[in-house]
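Peer 1: missing the sequence, but the structure's below:
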């Protein structure tokens, strides 16, 4: 069986969508832990260092 370029592109698209969905599910199930990590990073000053690094970057 030969895989055409269209099938390969479709497979990559499905893989990316499944990966994004699994990431969102993981984030939803563990939101309290992520909130605590972000809060701890903010208290330690990590967020200030990140903001100063990206303050001149245009998106």
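Peer 2: Structure received. Note that this is a predicted model, so its numbers are computed, not measured.

Peer 1: where exactly do the helices run in this structure?
Peer 2: According to DSSP state H, the chain carries its helices in the segments 5-29, 31-44, 46-54.

Peer 1: can you put those in a markdown table and add mean pLDDT?
Peer 2: A markdown table is the format used below for these (pLDDT from 0 to 100):
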| stretch | mean pLDDT |
| --- | --- |
| helix 5-29 | 87 |
| helix 31-44 | 92 |
| helix 46-54 | 86 |
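
Peer 1: The residue nearest to the spatial centre of the chain and residue 10: what is the separation?
Peer 2: Centroid-nearest residue in the chain, with C-alpha atoms, centre = their mean: residue 23, separated by 6.9 Å. Here the criterion is C-beta to C-beta, to the nearest Å. By it, residue 23 lies 21 Å from residue 10. (Each C-beta comes from the backbone N, C-alpha and C, glycine too.)

Peer 1: Residue 16 too?
Peer 2: Distance of residue 16 to residue 10, given as C-beta to C-beta: 11 Å.
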